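Visitor: requesting a structural model of the entry that follows:
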Amino acid sequence: MNNYRQYEDQFGIPLFVKRGLTLVKGKNAVVWDISGKKYIDCAAGHGVVNIGHANEAVAKAIGEQAQTLLTCTGSFYNDKRALLLKKLHEITPASLSRSFLCNSGAEAIEAALKFARFTSGKKRFVCAMRGFHGRTMGALSATHNPNYKKDFEPLIPGFTFVPFNNFEKLEQAVTEDTAAVLLEVVQGEGGVHIGKKDYFLKVQEFCKKNGILLIIDEVQTGFGRTGKMFAVEHFDLQPDMMCVAKGIAGGIPMGAVICSDGILLKPGKHGSTFGGNPLACAAALASIEFIEKNDLPGQAEEKGAYIREQLLTKSLPRVREIRQIGLMIGIELKEKAQPFIQALQEEGVIVIPAGSTVIRLLPPLTIEYELLDIVIGKLTKVLSRERD
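Guide: Numbering: from 1, shown residues only. Coordinates of the predicted model:
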């Protein structure tokens, strides 16, 4: 018998707190561990598997492309890349016209920061408290939580943090050297805090009036998660750049920065060996087609509202607040969330935290109502238990 846990512990660098499961199989919203026990997956790879595990359309596209052409540098044209670039232009806000394809959300943020500095000739950025944008050096510099940052300082200078949903504080933080404002519409890692329409419209108007670029991080919220294809659609935002990743390619590592015509670049200023490779592009095309064909944004809106409405009918004195937009749900507790996350796993439901007191649900948008009812029942059971 293979000792998979032993191998990971012995040969891997211990950067993750392990959950004690060896997952070996998935189908739609269910995963199985090595013993055959199944779990309802309300983490979905931190919001990656919007279209469900082992999606047949994406698996077919990957298989066909793997036998055709796996890699093709950006120095050459490619059919799948061209089709994906066209598709991204079609489904993103009208202000956006061109894309840079990369391999992850952090890479998309890194690219956007470089593009903003090059385009504007300015160096500083305004970001939000509780905001999370990734763990590479530039993305980490734009991330607020000091616990992620303190061991790696000095980071890249020029980042100022202001309270989320507070326009006056943001306005005060801008200087003559501000290149861009970088915000999430919904702060996922920061606790599932949802932006206010009036705030974002004021920020957008202010940025346009003052020649400041507006960068929106849709790494977790994109591709149907919030009940729209992109969260900016809730407020009709027209950003200068939008960073996406997670849900773009059905689980294949991929990211992108979609830019307006005002973002000025030229050859040699940025690049990526694997970015825009035909395999990832084929997976993304199949994934986006599946999202559109099955109206997954609409499903997310309806299913997320269903979960929230059902939970609000329960007596859950431990719950301080339920924040929900589409199938992006944060259940804030009056105490630490980790014991309840572990208890839910023991009950066969996988969830993740969003800060120390928030249980976060990011299930596949394709999850069946039968499974949602089980999840609601398990949440009610676990959150109603007496303290040990």
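Visitor: now do the strands in the stretch 151-300 of the chain.
Guide: Taking DSSP state E, counting those that start in this stretch, the strands of the stretch 151-300 of the chain run over residues 159-162, 178-184, 186-187, 193-194, 213-217, 241-244, 255-259.
Visitor: mean neighbour count, distance to G304 and mean pLDDT for those strands - can I get that in CSV?
Guide: Quick note: C-beta positions are derived from backbone N, CA and C, even for glycine. Putting the strands of the stretch 151-300 of the chain into CSV (neighbours: other Cβ atoms under 10 Å; distance: least, Cβ to Cβ, whole Å; pLDDT from 0 to 100) gives the following:
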stretch, mean neighbour count, distance to G304, mean pLDDT
strand 159-162, 18, 28, 98
strand 178-184, 25, 17, 98
strand 186-187, 25, 12, 98
strand 193-194, 20, 12, 98
strand 213-217, 28, 20, 98
strand 241-244, 29, 20, 98
strand 255-259, 28, 24, 98
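Visitor: looking at these, which is closest to A61?
Guide: Comparing the strands of the stretch 151-300 of the chain against A61 with Cβ to Cβ, the closest turns out to be strand 255-259 (17.4 Å).
Visitor: could you list every helix and strand in contact with that closest one?
Guide: helix 79-91, strand 98-102, helix 105-120, strand 241-244 (3 or more Cβ pairs under 8 Å, 6 or more residues apart in numbering; DSSP states H and E).
Visitor: among these, which comes closest to H270?
Guide: It's helix 105-120; of those, that one is closest to H270 (Cβ to Cβ) at 5.8 Å.
Visitor: what is the closest one packed up against?
Guide: Using 3+ Cβ pairs under 8 Å, 6+ apart as the contact test, the elements touching helix 105-120 are strand 98-102, helix 137-141, strand 178-184, strand 213-217, strand 241-244, strand 255-259.
Visitor: and the pLDDT for the residue most central in space within the chain?
Guide: Ranked by distance to the mean C-alpha position of the chain (Cα atoms, centre = their mean), the top residue is Q220 at 1.3 Å. Per-residue confidence at Q220 stands at 98 (pLDDT).
Visitor: what do you get for E386?
Guide: For E386, the predicted pLDDT is 62.
Visitor: can you give me the helices for this protein?
Guide: In the chain, the segments counted as helices under DSSP state H are 4-11, 44-47, 56-66, 79-91, 105-120, 137-141, 146-149, 167-173, 197-210, 278-293, 296-312, 338-346, 369-384.
Visitor: give me the domain ranges for this protein.
Guide: Annotated domains of the chain cover 4-54+297-384, 57-293 [automatic domain parsing].
Visitor: end to end on the first one, go ahead and measure it.
Guide: Same thing as domain 4-54+297-384. End-to-end distance of domain 4-54+297-384 (Cα to Cα, to the nearest Å): 35 Å.
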